[in-house]
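1. got a predicted model here, sequence first, then my questions.
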2 protein chains.
Amino acid sequence: MSIQTRRERERAERERLIVAAARELAEAEGWDAVTTRRLAAEIEYSQPVLYSHFKGKDAIMAAVAVEGFAELAAELRAAGTAVPPGRAALTAVGEAYTAFARRRPALYDAMFTLTVGLPFATPEAPAALRAGFEELSRAVAPAAAEGDDPGLLTETYWAGLHGLVTLMRSGRLPEEAHDRRLALLTGRFAAGAA
Amino acid sequence: MSIQTRRERERAERERLIVAAARELAEAEGWDAVTTRRLAAEIEYSQPVLYSHFKGKDAIMAAVAVEGFAELAAELRAAGTAVPPGRAALTAVGEAYTAFARRRPALYDAMFTLTVGLPFATPEAPAALRAGFEELSRAVAPAAAEGDDPGLLTETYWAGLHGLVTLMRSGRLPEEAHDRRLALLTGRFAAGAA
DNA sequence: AAGAATGTCTAGCGCTGCTAGCATTCCGGT
DNA sequence: ACCGGAATGCTAGCAGCGCTAGACATTCTT
């Protein structure tokens, strides 16, 4: 039994290594630089080993994305609970979200623009993902006016943040005015709370 | 002289053909299906011909994107001028924008998520692009509160629309509640106008 | 009619994600 | 203690990608 478990442990360790290498490579040089050959070289195994752990490159990226969801959720939670609920919390969460996206662009891409295989608005969605949405929701829901669905309002605010981040990252919006745009967005959403 | 102009005319015609073929292929099967080989086969020339017209595949996609900017600008203009200025116009423009993105997903991708080579927030940006922003701005600017920069407010509303569209298209937001999310977003931005 | 210039094609480079098939290595039963 | 079988990781290769060098016609100029 012990031998078996040791092998499973080593195997799990190697899987962790693959995900970590993919993430590091992506954060250092972008996802274009993450090829199966480079990844294999990085972990000092041959290419086919990757496919004994993951169905394909997409699955590796999805694993990286899940890591990202957990970190984003944690940062949103920290930001949202550091200030009293209300407008300040909404501002704090919005800033934490966009700061995360700007600090970890490759991670953010894996989470929200590249990978398509992950379930989202369903119960099968990764727990970390739902947790992140929950954090956002806690800050947004108080701003719901009478008759507004808090969940939908959260999704809409989230979309605003996501739009700001992606348009800025791809050069469609100039970087320098980001803070003011974010303040505008947050202001419009906080208005309902008063 | 006439021979020269005939040649130039034929060459321009072929360039038009390349862009049209790329767009059709992308709209029918997605950008992944648009390879230089398939594109060459489609226009019944060999691959290198593409490179005598465009610097690379990206440039072809950029040409398709510019077509898209013109169409989007026209649709936004039609929507924005069909109703009196104010909240109704903001709603109309928002609906026109997201409808365009949902009706022409491949075109939208070329414009806002894939191509990176086009200049945006500068005077060198394609005229059609600036025109589209102008249309958006006409509907948004009246909603600016005292002290709000109308340009930044337009960018922020645009980001909201873009976020809704991209998150929905990639499966992050369920399609069915789109109208209600759009109404929420528009409502929050129209509030300032009253 | 000979030479220069233009235009197009064939062939191929280096890369991608992915996989079939072969060694080797290690484990469990006698 | 040994041997058969299963598990494991490797080498080698496939089909396709964007892109380009160089050969080949054809067309225009002198």
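-> Received it, and whenever you're ready, just let me know what you need. Residues are numbered from 1 along each chain as shown, chains lettered A, B, ... in the order given.
2. can you pull the buried residues of the helix ranked longest in chain A?
-> If you go by DSSP state H, chain A has its longest helix at helix A:2-29. Using 16 or more other Cβ atoms under 10 Å in any protein chain shown as the test for burial, helix A:2-29 gives A:Glu15, A:Ile18, A:Val19, A:Ala21, A:Ala22, A:Arg23, A:Leu25, A:Ala26, A:Glu27. From N, CA and C alone the C-beta is placed, and that goes for glycine too.
3. please apply the same query to stretch A:120-134.
-> A:Phe120, A:Ala121, A:Pro126, A:Ala128, A:Leu129, A:Arg130, A:Ala131, A:Gly132, A:Phe133.
4. with stretch A:136-148 instead?
-> Here stretch A:136-148 shows A:Leu136, A:Ser137, A:Arg138, A:Ala139, A:Val140, A:Ala141, A:Pro142, A:Ala143, A:Ala144, A:Asp148 as buried, counting by 16+ other Cβ under 10 Å.
5. just those residues now: which is nearest A:Arg169?
-> For these, the minimum distance to A:Arg169 (Cβ to Cβ) is 19.4 Å, reached by A:Leu136.
6. so how far is the longest helix of chain A off the chain centroid?
-> Chain-centre distance of helix A:2-29: 20 Å, with Cα atoms, centre = their mean, to the nearest Å.
7. now do stretch A:120-138
-> Distance, centroid of stretch A:120-138 to centroid of chain: 11 Å (Cα atoms, centre = their mean).
8. now do that stretch, average pLDDT.
-> Taken as a whole, stretch A:120-138 carries a mean pLDDT of 93.
9. for the nearest residue to A:Pro119 once chain neighbours are set aside, phi and psi?
-> Using Cβ to Cβ, 6 or more residues apart in numbering or on different chains and skipping the chain neighbours, the partner closest in space to A:Pro119 is A:Ala125 (5.0 Å). Torsion angles at A:Ala125 (phi, psi; degrees, to the nearest 10) stand at phi -60, psi 150.
10. re earlier: could the buried residues of stretch A:120-134 be laid out in a markdown table, adding distance to A:Ile60 and secondary structure?
-> As requested, these are exported to a markdown table (distance: Cβ to Cβ, whole Å; DSSP: H, G, I helix; E, B strand; the rest coil):
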| residue | distance to A:Ile60 | secondary structure |
| --- | --- | --- |
| A:Phe120 | 19 | coil |
| A:Ala121 | 23 | coil |
| A:Pro126 | 15 | coil |
| A:Ala128 | 17 | helix |
| A:Leu129 | 18 | helix |
| A:Arg130 | 22 | helix |
| A:Ala131 | 22 | helix |
| A:Gly132 | 21 | helix |
| A:Phe133 | 24 | helix |
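11. distance to A:Leu153 for those residues - can I get that in a markdown table?
-> Compiled in a markdown table, these are given as follows (distance: Cβ to Cβ, whole Å):
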| residue | distance to A:Leu153 |
| --- | --- |
| A:Phe120 | 18 |
| A:Ala121 | 15 |
| A:Pro126 | 23 |
| A:Ala128 | 22 |
| A:Leu129 | 19 |
| A:Arg130 | 17 |
| A:Ala131 | 19 |
| A:Gly132 | 16 |
| A:Phe133 | 12 |
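12. okay, those residues in JSON lines with distance to chain B next?
-> Converted to JSON lines, those look like this (distance: Cβ to the nearest Cβ, whole Å):
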{"residue": "A:Phe120", "distance to chain B": "5"}
{"residue": "A:Ala121", "distance to chain B": "5"}
{"residue": "A:Pro126", "distance to chain B": "12"}
{"residue": "A:Ala128", "distance to chain B": "14"}
{"residue": "A:Leu129", "distance to chain B": "9"}
{"residue": "A:Arg130", "distance to chain B": "13"}
{"residue": "A:Ala131", "distance to chain B": "15"}
{"residue": "A:Gly132", "distance to chain B": "12"}
{"residue": "A:Phe133", "distance to chain B": "10"}
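13. ok so, going back, which of the buried residues of stretch A:136-148 fall within helices?
-> Per DSSP H, the subset of those in helices is A:Leu136, A:Ser137, A:Arg138, A:Ala139, A:Val140.
14. quick one: which of those is nearest DNA strand D?
-> A:Leu136 (37.5 Å; Cβ to the nearest atom of the strand).
15. how far away is A:Ala20 from A:Arg14?
-> For A:Ala20, the distance to A:Arg14 equals 10 Å [Cβ to Cβ, to the nearest Å].
16. brain fart, A:His162
-> When A:His162 is compared with A:Arg14 (using Cβ to Cβ), they lie 34 Å apart.
17. is it true that A:Val19 touches A:Val64?
-> Yes - judged on Cβ atoms under 8 Å, A:Val19 makes contact with A:Val64 at a distance of 5.9 Å.
18. shaky segments in chain A?
-> The model of chain A has pLDDT under 70 over residues A:1-6, A:192-194.
19. try it again with 80
-> Counting by pLDDT under 80, the ranges of chain A that qualify are A:1-8, A:116, A:191-194.
20. flag every residue of it that's near DNA strand C.
-> A:3-4, A:34-38, A:47-48, A:51, A:56-58 (Cβ under 7 Å from any atom of the strand).
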